[in-house]
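Asker: turn this into a model:
(one chain, ligands or ions: 1)
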Amino acid sequence: MFQLPLHSDRRYPPENRCIYCGYEDALTDEHIVPLGLGGRWLLPKASCRPCAAITATFEGVVLRAMLGPLRMYYSMPSRRKKQRPEKLPLKVKLTPDADFSFIEVAQEIYPFLILFPNLAMPDELTGNVTEGERGAKVKARSHPGRLRGLRLSSSGL
Ligand SMILES: [Zn+2]
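Answerer: Okay, here's the model as predicted:
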């Protein structure tokens, strides 16, 4: 199976303040890209515990609910890899007049579509900080190999 390349470990100098709220005590390390997406770049002492709890909750939802099938397909890192299911529930309509139902599908063939922002490197990391010109550049990408064999209809997948 194809494996996404993992980038190498990199540890930046400690921030010594929460990058979200500015608090300076009891700081935790922050992954620049979440570990669950293969992120190995670390910003030490960069998040206070309340902000870390908020980002962990948000990342948990995104990594499991939104990106779970993608992460399983590419065997991306997980703190709970042994808990990954072999099959996932797929909501289907077997005939046009039937009600929706769920079938279990092996995670290797589970169809999914990911819309994921492709952001440019933050100005603070490139050194190109220009006051008043901050913003995000976003472009969409798809993974066409995962859509092969699927038919799209006006009612969705
Ligand atoms: Zn904070």
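Asker: from the centroid of this structure, which residue is nearest?
Answerer: Centroid-nearest residue in the chain: residue 63, 4.9 Å away (criterion: CA atoms, centre = their mean).
Asker: so that one: helix, strand or coil?
Answerer: helix (DSSP: H, G, I helix; E, B strand; the rest coil).
Asker: please report how far the residue nearest to it when sequence neighbours are not counted lies from the ion.
Answerer: Spatial nearest neighbour of residue 63, excluding adjacent residues (CB to CB, 6 or more residues apart in numbering): residue 36 at 4.1 Å. In short, each C-beta sits where N, CA and C put it, glycine included. According to CB to the ion, to the nearest Å, residue 36 and the ion sit 21 Å apart.
Asker: could you do residue 45 as well?
Answerer: 12 Å.
Asker: kindly report the same for residue 118.
Answerer: Residue 118 sits 27 Å away from the ion, going by CB to the ion.
Asker: okay, now that residue: neighbour count?
Answerer: 10 (other CB atoms under 10 Å).
Asker: now do the residue sitting furthest away from the middle of the chain, the pLDDT please.
Answerer: Outermost residue of the chain with respect to the C-alpha centroid, by CA atoms, centre = their mean, is residue 97; its distance is 35.6 Å. With respect to pLDDT, residue 97 scores 95.
Asker: next one: residue 146
Answerer: For residue 146, the model assigns a pLDDT of 47.
Asker: what sits against residue 21?
Answerer: Shown in contact with residue 21 (CB atoms under 8 Å, 6 or more residues apart in numbering): 48, 50, 51.
Asker: any of the residues you listed buried? List them.
Answerer: Neighbour counting by 16 or more other CB atoms under 10 Å classes 48, 51 among those as buried.
Asker: filter the contacts of residue 21 by proximity to the ion?
Answerer: With CB under 5 Å from the ion as the criterion, the contacts of residue 21 include 48, 51 near the ion.
Asker: buried ones in the lengthiest strand in the chain?
Answerer: Taking DSSP state E as the assignment, the strand of the chain that covers the most residues is strand 41-48. Neighbour-count burial for strand 41-48, counted by 16+ other CB under 10 Å, picks out 42, 43, 45, 46, 47, 48.
Asker: what's the answer for stretch 81-95, then?
Answerer: 88, 90.
Asker: centre of the chain versus that stretch, how much separation?
Answerer: Centroid separation for stretch 81-95 versus its chain: 19 Å, with CA atoms, centre = their mean, to the nearest Å.
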